[in-house]
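# My questions are about this predicted structure, shown below with the sequence.
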Amino acid sequence: MSRVVPAGARRIAEVRLTPVLVCDPPLLNVQGVHQPYTPRLIVEVVTDEGVTGVGETYGDTPYLELARPYAGALLGHELADLNGLFTSMNLIDVDESRIDDSVDVGGLRGVQTADKLRLSVVSAFEVACLDALGKTGGVPVHTLLGGKVRDAVDYSAYLFYRWAEHPGGAGEKDSWGAALDPAGIVEQARRFVREYGFRSFKLKGGVFPPEQEVAAVRALAAAFPGHPLRLDPNGGWTPGTSLRVAAELADVLEYLEDPAPGTAAMAEVSRGTSVPLATNMCVTTFPEIREAFLSDAVQVVLSDHHYWGGLRNTRELAAICRVFGVGLSMHSNTHLGISLAAMTHVAATVPNLDHACDSHYPWQTEDVITVRHEFRDGRLAVSDAPGLGVELDRTELARLHRRWLDDDGTLRDRDDAAAMRRAPEHADWTAPALPRW
Ligand SMILES: O=C([O-])C(=O)C[C@H](O)[C@@H](O)C(=O)[O-]
Ligand SMILES: [Mg+2]
């Protein structure tokens, strides 16, 4: 049975998809190193009244393959029919070769089911529709989500082992320098505090043998006594190694993030430690929640509105976590200001946001919005302007899109292992089988 559309309802008259390549520093992780440029997709939804809403998601080929037919299917779609966005997406076929149910596929974000791919695309359209709805009605996105329960959202400093520059001097230069040991990580953390005021720290691990990463966390604890600390090796350790690290850092860790790969291994670690375990790898879809929560494998879920399917699904995840007494925070990949605005709006509405959210944003020197977000005291103020409260910078959007057009295809799909091989000393690097240590 078809829905009755209210008289005067706004409709989607045009959808614009703009893939871009955004510069990214040489940040290291268990898979390899970030590429000099990383793909994102900018989505614009234009209503029949000429109001434009914006959204952002992953820009790799599998997402573009879905976004293109989906954009066509949404012409004439009622703007306020957010549930219908999911129904329409379910009619779009996903190429079987893109699907992999193993947790370590792509290395960092868990399973790659057809549903998750679809949700990762829908999320950008949901955000764009919410932005357009907010602009149409003169209200911020957080109001459309039921209203903010806080005026500012806490973020954590996202520390990375890194090289001073990309192999061969590729990409853009920055002033951060290399950070490859505890002293380098502490220096990086000090700059994050100086420039952004962050009060909690996450170190991306899985790069060096665990003892070296334990030493870096210890150095952080000495430099910032009492501040919440996290370590995330992206499933790089066996349960035994994870338990050893948990015991060594139990007095300073806020939580240990994805120490071991998969729910069963995380449950084994959880049984042997009182350090809370967090994940953005083994609970990344609704079907994964049951087993993980019933086996007490995780105590904190790091939601990500991209792959959970948008801002309203993030609130549903928050409600489930609340019921099970599981904590909630937010995961981040390389992203731009549209996604940071979206994260901040939804985070502002979730009562049980128990930990500072991750964000890569300080590492991103380029953006497609006219006014960059500014962290003050490690927080972002929640915008009360209509919609997301951001404006597209069309000159920058065109420039970053031109970079995508000019790329011969090598950088259009993120591949941290391939980026690692461009360093002569890692020419035969392959992403390690997990767990590595
Ligand atoms: O596990 C995580 O927190 C992430 O996946 C965040 C990012 O993907 C990070 O690992 C990266 O970009 O190297
Ligand atoms: Mg993680």
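Cool, the structure landed. Ligands and ions are numbered 1, 2, ... in the order given.
# low pLDDT regions in this protein?
For the chain, applying pLDDT under 70 flags the ranges 1-2, 101-107.
# In the sheet, which residues pair with R379? Tell me.
D154, R376 (DSSP bridges).
# Distance check, it against L353.
Taking Cβ to Cβ, to the nearest Å as the measure, R379 and L353 are separated by 12 Å. Just so you know, the C-beta spots here come from the backbone N, C-alpha and C atoms, and that holds for glycine as well.
# again, but for E391
From E391 to L353 the distance is 26 Å (Cβ to Cβ).
# Comparing those two, which residue is more hemmed in?
Between E391 and L353, counted using other Cβ atoms under 10 Å, L353 has the larger neighbour count: 22 against 15.
# so who does the residue in the stretch 51-200 of the chain positioned nearest to ligand 2 touch?
Nearest residue of the stretch 51-200 of the chain to ligand 2, counting by Cβ to the ion: L108, 6.9 Å away. By Cβ atoms under 8 Å, 6 or more residues apart in numbering, the residues touching L108 are 29-31, 234, 280-281, 333.
# need the contact list for the most centrally placed residue in the chain.
Nearest residue to the geometric centre of the chain (Cα atoms, centre = their mean): S332, 2.6 Å. Residues counted as contacts of S332 (Cβ under 8 Å, 6+ apart) are 158, 304, 343, 357-361.
# In helices only, show me those.
M343 (DSSP state H).
# which residues are in contact with stretch 164-175?
23-26, 33, 35-37, 176-178, 365, 419, 422-424.
# ok, and the closest non-adjacent residue to the residue nearest to the centre of the chain?
D358 (4.1 Å; Cβ to Cβ, 6 or more residues apart in numbering).
# measure the one you found to I42 for me?
Counting by Cβ to Cβ - D358 and I42 are separated by 21 Å.
# and what of A385?
Counting by Cβ to Cβ, the gap from A385 to I42 is 19 Å.
# Tell me the residues on the stretch 51-200 of the chain that lie near ligand 1, please.
Applying Cβ under 6 Å from any ligand atom, one finds that the stretch 51-200 of the chain approaches ligand 1 through 108-109.
# so where do the strands sit in the stretch 51-200 of the chain?
Remark: strands assigned in the stretch 51-200 of the chain by DSSP state E, counting those that start in this stretch are 52-58, 152-154, 157-160.
# Using the record's assignment, carve this structure into domains.
12-141+394-406, 146-381 (automatic domain parsing).
# Turn these into CSV, including distance to V4.
What follows is the domains of the chain, written out as CSV (distance: least, Cβ to Cβ, whole Å):
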stretch, distance to V4
domain 12-141+394-406, 10
domain 146-381, 22
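# From what I see, F160 and K204 are in contact.
Yes - F160 is within contact range of K204, at 4.8 Å (criterion: Cβ atoms under 8 Å).
# Find residues that contact each of those two.
With Cβ under 8 Å, 6+ apart, F160 and K204 have common neighbours 27-29.
# Among those residues, which one lies nearest to ligand 1?
Nearest to ligand 1 out of the shared contacts of F160 and K204 is N29 (Cβ to the nearest ligand atom; 3.8 Å).
# for that closest one, what are its contacts?
107-108, 160, 204, 206-207, 234, 416.
# what's the answer for T365, then?
Taking Cβ under 8 Å, 6+ apart, one finds 23, 172, 174 in contact with T365.
# For burial, what's the neighbour tally of the second one?
Spelled out, that is E172. 13.
# what's the answer for the last one, then?
Burial of D174 is recorded as 14 neighbouring residues (other Cβ under 10 Å).
# how near is it to W363?
Taken as Cβ to Cβ, the span from D174 to W363 is 9 Å.
# go on, H373?
13 Å.
# go on, L311?
For L311, the distance to W363 (Cβ to Cβ) stands at 23 Å.
# Look at the two and report which has more neighbours.
L311 (24 against 18).
# My guess is that one contacts L145. True?
Yes - counting by Cβ under 8 Å, L311 touches L145, with 5.9 Å between them.
# between those two, what contacts are shared?
130, 345-346.
# Relative to ligand 1, which of those residues is nearest.
So of the shared contacts of L311 and L145, ranked by how close each gets to ligand 1 (Cβ to the nearest ligand atom), first place is V346, at 17.8 Å.
# before we move on, which element is that closest one in?
Using DSSP states H and E, V346 sits in helix 337-349.
# Need the residues that contact that helix.
Contacts for helix 337-349 (Cβ under 8 Å, 6+ apart): 42, 54-57, 127, 140-142, 145-151, 153, 305-306, 311, 314-315, 330, 332, 353, 357, 359, 361, 367-369, 372-373, 380, 382-383, 388-390.
# so what's P36 up against?
Counted by Cβ under 8 Å, 6+ apart, P36 has contacts 23-24, 26, 166, 170-172, 411, 419.
# How about it, nearest residue that isn't a chain neighbour?
Nearest non-adjacent residue to P36, counting by Cβ to Cβ, 6+ apart: G171, 2.7 Å away.
# what number of residues lie near the one you found?
G171 has 19 neighbouring residues, counting by other Cβ under 10 Å.
# Check V111 too.
The tally of other residues near V111 (other Cβ under 10 Å) stands at 22.
# just H227 next, same as before
18.
# these two touch, right, E396 and E366?
Yes - counting by Cβ under 8 Å, E396 touches E366, with 6.9 Å between them.
# Let's see if you can find the most crowded of the contacts of N29.
G206 (27 neighbours).
# Make sure I have this right: that residue is in a strand.
No - G206 is assigned coil when assessed by DSSP: H, G, I helix; E, B strand; the rest coil, not a strand.
# Tell me which residues touch it, please.
29-30, 213, 232-237, 436.
# Among those, which ones are in helices?
E213.
# Relative to ligand 2, which of the contacts of G206 is nearest.
Using Cβ to the ion, these come closest to ligand 2 at D232, 4.3 Å.
# Return the distance of G146 relative to ligand 1.
For G146, the distance to ligand 1 (Cβ to the nearest ligand atom, to the nearest Å) stands at 27 Å.
# Tell me the residues of the stretch 201-350 of the chain that contact ligand 1?
Close to ligand 1, as judged by Cβ under 6 Å from any ligand atom, the stretch 201-350 of the chain has residues 204, 232, 234, 280, 331, 333-334.
# Quick one: buried ones out of these?
204, 232, 234, 280, 331, 333-334 (16 or more other Cβ atoms under 10 Å).
# Let me see the ranges of the helices in this protein.
In the chain, the helices defined using DSSP H lie at 61-73, 82-89, 114-137, 141-144, 182-196, 210-223, 239-249, 263-272, 289-294, 305-308, 311-324, 337-349, 394-406, 416-421.
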